[in-house]
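*Asks:* Predicted model, plus sequence, below.
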Amino acid sequence: MGVVSQLGKLPLPPGGKKMLEAAKLENVAVLARESKETARSAGSLRAAEAPTPKTPMKCIFSVDVEDWFHILDLPKAPQIGDWDTLPSRVEQNFMRLLELFDAHQTRVTCFFLGWIGRRLPHLVREAARCGHEIASHGYAHRLVYQISPEDFYRDALDSRKILEDIAGVPIWGYRSAGFSVTYNTDWFFDKLIEAGYVYDSSIFPASRGHGGMVGGPRTPYWIQRASGRLFEFPVSVVDVLGKPLCFFGGGYLRLSPYFVIRTMAKRVLRDSRPVIFYVHPREIDINHPRLPMNRRRRFKSYVNLRSTLPKMTRLLKEFPLTSFEQFIRKDIQGAPTRDEVVEGLLRIVPLSDSPPTTASSRAI
């Protein structure tokens, strides 16, 4: 059957139901404690955690624009030479997302694979025409820790140039495949600076299957390097029972009940951090082809696909969402220059407020 397996009902892994129920009970226990502190009453959890009309800080919404066959680190995943031969689903799914954002008058950041831009350039142009920020997700969707610094540099640079040529605007933002930056890929930041990027959103300050930087910073900050400086927007995480967890994108968002996502988002905002949400176009498509993988990966990759659009719709209604670019520039319209982006980032975090470091260490 090649790389495409039969569509069917998603099976839970062994013990999956018990794991899911245990996770729900754990979340409920944490949320109960939250409600006592915030509501100061015996009201219900849902009433105590209902969103307020005005949120002190905007949240950032992003889309990693890739196709159904771009799932990482699978033994039988199709190679890049075969991608052009596979049926694409990204166009119809991405257009549905653009319609949803337009209905809610929301502008987001679209991290395009350079390969997607080359194959379907009209998607990049349409996103730009609708006022969304175009940013880079690399070209070939390769894990950072599996390639050399020079190969990474060429991949990041090629993606930026392709997207700039298509969109007609400069590309300043980057996100790595699978948030795969680790403490052993310190060169990553130098190569992004050399490739012309100004900000990044690749650091995942918790444990995960593809990399992760446990103990890393959680608030946006400057990374100082000999080659220059780069601004980092870490992925949003929240401590639950002493462990940093993400609830705001991918399988984390699909698995978590909406009231948990909402509660945890409000906790991030109370810490004066922007909540960074992210989705992939395939996550709104319950009928997209499945790749062969073990039960555990299948569960993580395909669980609760039906829940993605309803959760996104509620987030768009209940939280003020914007793009990285508009968050940086305080909703000033028009394609920004490098200096304008840097100026906006300095307003968010002055250099004097960033730790004096030149490396991505745990002490950042």
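*Replies:* Yep, it's here.

*Asks:* need the strands for the stretch 51-200 of the chain, in chain order.
*Replies:* For the stretch 51-200 of the chain, strands defined by DSSP state E, counting those that start in this stretch occupy the ranges 59-65, 109-112, 133-136, 173-174, 199-200.

*Asks:* which residues sit against the longest one?
*Replies:* Residues outside strand 59-65 that contact it (CB atoms under 8 Å, 6 or more residues apart in numbering): 90, 94, 97, 106, 108-113, 116, 123, 127, 135, 137, 175, 201, 233, 265, 269, 274-281, 315, 319-324, 327. Quick note: C-beta positions are derived from backbone N, CA and C, even for glycine.

*Asks:* The fourth one too?
*Replies:* Strand 173-174 has contacts (CB under 8 Å, 6+ apart) with 109, 111, 133, 135-138, 156, 160, 192, 195, 197-202, 324-325.

*Asks:* Mean neighbour count and mean pLDDT added to the strands of the stretch 51-200 of the chain, as JSON lines?
*Replies:* Formatted as JSON lines, the strands of the stretch 51-200 of the chain follow (neighbours: other CB atoms under 10 Å; pLDDT from 0 to 100):
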{"stretch": "strand 59-65", "mean neighbour count": "25", "mean pLDDT": "98"}
{"stretch": "strand 109-112", "mean neighbour count": "29", "mean pLDDT": "98"}
{"stretch": "strand 133-136", "mean neighbour count": "28", "mean pLDDT": "98"}
{"stretch": "strand 173-174", "mean neighbour count": "25", "mean pLDDT": "98"}
{"stretch": "strand 199-200", "mean neighbour count": "24", "mean pLDDT": "98"}
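
*Asks:* so which of those comes closest to L255?
*Replies:* Of all the strands of the stretch 51-200 of the chain, it is strand 59-65 that lies closest to L255, at 17.6 Å by CB to CB.

*Asks:* quick one: strands adjacent to the closest one?
*Replies:* Applying DSSP bridges to the sheet, strand 59-65 is found paired with strand 109-112 (parallel), strand 276-279 (parallel), strand 321-322 (parallel).

*Asks:* I'd like those strands laid out as JSON lines, including distance to P310.
*Replies:* Shown next, in JSON lines, are the strands paired with strand 59-65 (distance: least, CB to CB, whole Å):
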{"stretch": "strand 109-112", "distance to P310": "21"}
{"stretch": "strand 276-279", "distance to P310": "12"}
{"stretch": "strand 321-322", "distance to P310": "16"}
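
*Asks:* For V260, which of these is the nearest?
*Replies:* strand 276-279 (14.0 Å).

*Asks:* And the closest one, how far out from the chain middle?
*Replies:* Computed by CA atoms, centre = their mean, to the nearest Å, the chain-centroid distance of strand 276-279 equals 4 Å.

*Asks:* what's the following helix or strand after it?
*Replies:* The helix or strand immediately downstream of strand 276-279 is helix 295-302, counting by DSSP states H and E.

*Asks:* about what we covered before: please identify which of the strands paired with strand 59-65 is closest to I71.
*Replies:* Of all the strands paired with strand 59-65, strand 276-279 comes closest under CB to CB, at 14.3 Å.

*Asks:* what's the spacing between the closest residue to I80 other than its chain neighbours and I203?
*Replies:* Leaving aside its sequence neighbours, I80 sits nearest to A140 (CB to CB, 6 or more residues apart in numbering; 5.5 Å). As judged by CB to CB, to the nearest Å, A140 and I203 stand 21 Å apart.

*Asks:* In terms of neighbours, single out the busier of these two.
*Replies:* I203 (26 against 18; other CB atoms under 10 Å).

*Asks:* which among the contacts of strand 59-65 end up buried?
*Replies:* 90, 94, 97, 106, 108-113, 116, 123, 127, 135, 137, 175, 201, 233, 265, 269, 274-281, 315, 319, 321-324, 327 (16 or more other CB atoms under 10 Å).
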